[in-house]
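# no sequence on this one, just coordinates:
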């Protein structure tokens, strides 16, 4: 049984009602889960995401952050350093992705030679 709210999206915004398909529509590109990984690791500012080793382009990062905000997976919060720029944090919905990322990490470590764990939490 799903734990989160069951909101019905307009049929035109989803390929199908399949939960795997819907999750992939939001998370299934090469960058989104890396942003979530960085948030789990404690990175929370735009500049932190840009400095990740994968080298996400700034325009793509901006788009992914907007999508994650709109989906309720992250929220903006005041930066802890008192700066003018906002920081990001995972919502309850976003934190629920932690075991998904842990499973992907574990799978990669087991099956992809030369990988190294950087997702240590959880």
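Received it, and whenever you're ready, just let me know what you need. Computed from a prediction, not measured in an experiment: that's the story for all the values here. Numbering: from 1, shown residues only.
# Touching stretch 79-86 from outside, list them.
For stretch 79-86, the external contacting residues (C-beta atoms under 8 Å, 6 or more residues apart in numbering) are 44-46, 76-78, 87. C-betas here are computed from N, CA, C, even on glycine.
# Return the subset of those residues lying in strands.
Counting by DSSP state E, those place 76-78, 87 in strands.
# Taking those residues together, which two end up most distant?
76 and 78 (8.4 Å; C-beta to C-beta).
# Between those two, which contacts overlap?
Common neighbours of residue 76 and residue 78 (C-beta under 8 Å, 6+ apart) are 86-87.
# so what's the residue positioned nearest the centre of the chain up against?
The centre of the chain sits closest to residue 36, judged by C-alpha atoms, centre = their mean, with a distance of 2.7 Å. Counting by C-beta under 8 Å, 6+ apart, residue 36 makes contact with 27, 68, 73, 90, 94, 97, 101.
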